[in-house]
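1. Fold the following and give me the result.
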Amino acid sequence: MMILDPVELLDILGNENRRRILQLLSFRPFYFNEMAKRLDVGPKAVIDHLEMLERAGLIECYHDQSRRKYFRIARKTVVEIAVSPHSYGVRAYRSESTSGMDSSEPKDLRVLQEELGRIEDQRCNLRKQLEEIEARDMEIKRHAAAEIQIYAHDNLEAEILVALLSGGSSTEYLAERLEVPAVLVEESLKGMLSRGAVKLTGGVWSI
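-> Model (predicted):
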């Protein structure tokens, strides 16, 4: 599994025409003129969108026997966004694995439909499990937020403690994440260290 830059992908997918291109390519490969006609977008704009998608590794091109250039989706890419009252996170990754199915083996369309149905059932079960995990995660973070108010003397200390719930961090990383000058973050951390609210091990702060 290859981890990607989620901010870059969100910027790319924020454009409607790039999303339309990916939607088209999810059905089958397209060559440039065919794609421009279907999208009803100027050739220069389509070229720019394709180049950006290709640089991001979302699509790739190849030539058929007549040397016509086709575009297709390169591989499965997943972007996950989680927003709750006590957390915000974006994760993007690319799956390099394959299912192992022999694509050269002919299969009846009804059989394939049944296989897709079973996969969708599995996906629904996984989604239900994920919802249960997220609910438990939110409950724990809600309790943690209440406890943090006991340890924190001001809002900055509270934000630092919330950030440290995700794991140990350096002063510089915390400052960048919270968008606060490092000197202020370090001052707050030292104050909490003296009260026993945090600890410092090898340059890494933790709860």
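2. for this protein, longest helix please?
-> helix 109-151 (DSSP state H).
3. Which of the three states applies to the residue located most distally from the centre of the chain?
-> For the chain, the largest distance from the centre (CA atoms, centre = their mean) belongs to Ser66, which lies 38.0 Å off. At Ser66 the chain is in coil, as set by DSSP: H, G, I helix; E, B strand; the rest coil.
4. so what's it scoring on pLDDT?
-> Note for Ser66: predicted pLDDT of 86.
5. Just the terminal-to-terminal distance for stretch 21-38.
-> Its start and end residues considered, stretch 21-38 measures 10 Å (CA to CA, to the nearest Å).
6. contacting residues around that stretch?
-> Here stretch 21-38 makes contact (CB atoms under 8 Å, 6 or more residues apart in numbering) with 13, 39, 42-43, 46-47, 49-50, 53, 58-59, 62, 68-73. Quick note: C-beta positions are derived from backbone N, CA and C, even for glycine.
7. Next: stretch 69-83.
-> Contacting residues not belonging to stretch 69-83 are listed as 4, 6, 9-10, 13, 22, 25-26, 28-32, 35, 50, 54, 57-64, 88-96, 134 [CB under 8 Å, 6+ apart].
8. Over to stretch 112-119?
-> Where contact means CB under 8 Å, 6+ apart, no residue beyond stretch 112-119 reaches it.
9. How about exporting that stretch as CSV, limited to the C-alpha atoms?
-> Written as CSV, here are the backbone C-alpha positions of stretch 112-119 (Å, rounded to 0.1, in the frame of the first residue of the first chain):
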residue,chain,number,x,y,z
LEU,A,112,-19.9,-11.8,-12.3
GLN,A,113,-23.0,-9.9,-11.1
GLU,A,114,-23.4,-12.4,-8.3
GLU,A,115,-19.7,-12.0,-7.3
LEU,A,116,-20.2,-8.2,-7.3
GLY,A,117,-23.2,-8.7,-5.1
ARG,A,118,-21.2,-10.7,-2.6
ILE,A,119,-18.5,-8.1,-2.6
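10. from now on call the first residue 57
-> Understood, numbering begins at 57; the last thing we discussed is stretch 168-175.
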